[in-house]
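J.: model this:
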Amino acid sequence: MANMITSLRFMLLFLLVGMIYLAPAVWRLLDPLLLVLIITLDGLDGYVARRRGESSLFGSVYDIAVDRIVESTLWIVLADVGLVPLWVALLVIARGVLVDSIRGQAAAQGVGAFEMMRSPLGRFLVAGRFMRGLYGTVKAMAFAWILLFQPVAELWPGWWESWGGVVQAVTAVLVYAAVALCLLRGAPVMVEFYRTEGQPRRLRAAR
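T.: Numbering: from 1, shown residues only. All right, here's what the predicted structure looks like:
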């Protein structure tokens, strides 16, 4: 059941992408609601997995992979339609590839993405509920805010002429905050992996 919910989230993402590109402006007012549904399902699949005893390494990896696809796809699409700078999408994707490559090594040894963090600071930034919640909230606010105002300039140009600057300023704050948290949570994964696996094999073998 939990993996089915994750799959549903995956499919709804592409409905959202289709809405952003193809739907009339008035229909695009629904995009933030669709985004909220996708985010809600992200929390629901984990809850269902725990309640039904369905937690597994596959489920954990699948959930994180879909999280990454949702995030990367939205940044790419928003950059493509000119609502965020292209460098934001490129930076987030590069960070995701690096972190996921490292987590793939841990998964090959049967270690989950969060269980691999050793230091207290690493566990707080990467695995802690507060930081995961903060990052998820800021990222969701950035996406929802951008999608909420995407059709406004087309539907109500007079309002946009008066308030568009304010909207864009808030957009910039939310996007920079999301990028900063993205990098802050990715750095410990790379640092700890380097400390444990970054030395030449002959030196580690000699310990």
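J.: Other residues contacting whichever strand or helix holds residue 21?
T.: Following DSSP states H and E, one finds residue 21 within helix 2-22. If you take Cβ atoms under 8 Å, 6 or more residues apart in numbering as the criterion, helix 2-22 is touched by 27-28, 30-31, 34-35, 37-38, 41-42, 44-46, 48-49, 52, 54, 58-59, 62-63, 66, 69-70, 73-74, 77, 81, 147, 150. Just so you know, the C-beta spots here come from the backbone N, C-alpha and C atoms, and that holds for glycine as well.
J.: does the most centrally placed residue in the chain count as helix, strand or coil?
T.: Geometric centre of the chain, nearest residue: residue 71, 3.8 Å, by Cα atoms, centre = their mean. At residue 71 the chain is in helix, as set by DSSP: H, G, I helix; E, B strand; the rest coil.
J.: Could you do residue 154 as well?
T.: helix.
J.: Please state the mean pLDDT value computed over the helix holding residue 21.
T.: Mean pLDDT, helix 2-22: 88.
J.: Could you check how many residues crowd around residue 26?
T.: Neighbour count of residue 26, defined by other Cβ atoms under 10 Å: 10.
J.: OK, contacts around it?
T.: 151, 155.
J.: Would you map the helices across this protein?
T.: 2-22, 31-51, 57-80, 86-108, 120-122, 129-149, 152-155, 157-197, 201-205 (DSSP state H).
J.: can I get the ones you listed in CSV with distance to residue 114?
T.: Formatted as CSV, the helices of the chain follow (distance: least, Cβ to Cβ, whole Å):
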stretch, distance to residue 114
helix 2-22, 17
helix 31-51, 12
helix 57-80, 8
helix 86-108, 9
helix 120-122, 10
helix 129-149, 9
helix 152-155, 39
helix 157-197, 10
helix 201-205, 24
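J.: Mark which of the contacts of helix 2-22 are buried, thanks.
T.: Listed as buried from the contacts of helix 2-22 are 28, 31, 34-35, 38, 41-42, 44-46, 48-49, 59, 62-63, 66, 70, 73-74, 77, 147, 150; burial here means 16 or more other Cβ atoms under 10 Å.
J.: Relative to residue 59, how far out is residue 170?
T.: Distance of residue 170 to residue 59, computed by Cβ to Cβ, to the nearest Å: 36 Å.
J.: ok, now residue 127?
T.: Relative to residue 59, and taking Cβ to Cβ, residue 127 is found at 17 Å.
J.: Where does pLDDT dip in the protein?
T.: Applying pLDDT under 70 to the chain flags residues 111-113, 198-207.
J.: I'd say residue 170 and residue 146 touch.
T.: No - under the criterion of Cβ atoms under 8 Å, residue 170 is not in contact with residue 146, lying 9.8 Å apart.
J.: Look up phi and psi at residue 119.
T.: phi -80, psi 150 (degrees, to the nearest 10).
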